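Asks: let's see this in three dimensions:
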Amino acid sequence: MQRKACVPGIAVLLAAVLAGCTGGSAGGGPTDDTNPGDTGTASPAAEPGRYRTLPDPCAEAGDSTLDELLPGIAQIRDEEQREKAYKGEPTTTFDTDRKVGCRWKVDSPAATDHLLIDFERVVSYDNAVSDDSQAEQLFAEREAAAHLPEPTATQTAPSAGATASGSAASSSGSPAPSGSSSSPSASPSATPTELQPRVLEDLGDEAFLDDGLNRSGSTAEQRTVTVAFRTSNVIVTIEYAEQPATVGVVPDSKEMQGRAQKLASQLAESLGD
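Replies: Below you'll find the model as predicted:
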């Protein structure tokens, strides 16, 4: 009888012990090494850029485009030299996945023309900063370095003799236009408002154009038109320059800007494909 009485007692004791162990776990305290404030999830990495590779810049400008930008190229008599001129010359680069470029230089009886196409793929090494954001910051720095003039209230060229418009142009730091940019004048640097360096619309995610004359003593003036634009994490730069063979002749700003912008639109469309 005593032996039978002990069995329920042992069972009760075991049940109490088990209940105590269970109660410790049910008290709400952590049962692993997780910190109380740790949610267990890390911040997501920033999105990578759209582009992982770059196109061949020497293949991006077709023969008809080069004929327009470099008028002397079709006049090269030697067939081998002409084909070489159309192909262009790749620029030196240490990482073709990040930066590539191509140059052309063509002489003609009227002028020497230069063309550069440059592609740069921007990569952020900060997990908190996306490739696009890094490219946007770099592009903003380059635009600031171009020192574009403040946009004026109107984007149309003032008419001849418009004194008020001429005064406004002078106060903004740009000389008042003295006539059509296609004709040399006593003030060849005079540039209509709509042809001044400026931010461009409807080209990539953001874009700007720069235009300047380089006076080097008694030699002819060289005009350089730069068009730069950003699409996602790729920055494209076009530099188009012309130096006439005759001193006193000024390259046509409107014509050169039009050619450079046309090429930029073609490159932006090609990147979008």
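Asks: pretty sure Thr226 contacts Leu200?
Replies: No: using Cβ atoms under 8 Å, Thr226 is not in contact with Leu200, being 11.3 Å away. C-beta: built from backbone N, CA, C; applies to glycine.
Asks: neighbours of the residue nearest to Val247 when sequence neighbours are not counted, just the number please.
Replies: Nearest residue to Val247, sequence neighbours excluded (Cβ to Cβ, 6 or more residues apart in numbering): Ala220, at 5.0 Å. Ala220 is flanked by 20 other residues according to other Cβ atoms under 10 Å.
Asks: OK, contacts around Ala220?
Replies: Counting by Cβ atoms under 8 Å, 6 or more residues apart in numbering, Ala220 makes contact with Gln243, Pro244, Ala245, Thr246, Val247, Gly248, Val249.
Asks: name the helix or strand for it, please.
Replies: Following DSSP states H and E, there is no helix or strand that holds Ala220.
Asks: give me every residue that touches the nearest residue to Asp211 once chain neighbours are set aside.
Replies: Counting by Cβ to Cβ, 6+ apart, the nearest residue to Asp211 once its immediate chain neighbours are dropped is Val225, at 5.1 Å. By Cβ under 8 Å, 6+ apart, the residues touching Val225 are Leu209, Asp210, Asp211, Glu239, Tyr240, Ala241, Ser253, Met256, Gln257, Ala260.
Asks: please enumerate the helices of this structure.
Replies: All helices of the chain, identified by DSSP state H, fall at 2-25, 63-69, 79-87, 131-145, 163-171, 253-272.
Asks: would you single out the least confident of those helices?
Replies: When the helices of the chain are compared on mean pLDDT, helix 163-171 scores lowest, with a mean of 36.
Asks: ok, which pair from the contacts of Val225 is furthest apart?
Replies: Glu239 and Ser253 (15.0 Å; Cβ to Cβ).
Asks: more neighbours: those two, which one.
Replies: Neighbour tally, Glu239 and Ser253, criterion other Cβ under 10 Å: the higher count belongs to Ser253, 22 against 18.
Asks: I'd assumed Gly212 was in contact with the more buried one.
Replies: No: counting by Cβ under 8 Å, Ser253 does not reach Gly212; the two are 9.8 Å apart.
Asks: quickly list what's touching both of these two.
Replies: Residues touching both Ser253 and Gly212 (Cβ under 8 Å, 6+ apart): Arg223.
Asks: re earlier: neighbour count: Thr226 and Leu200, which is higher?
Replies: Neighbours were counted for Thr226 and for Leu200 using other Cβ under 10 Å; Thr226 has more, 19 against 16.
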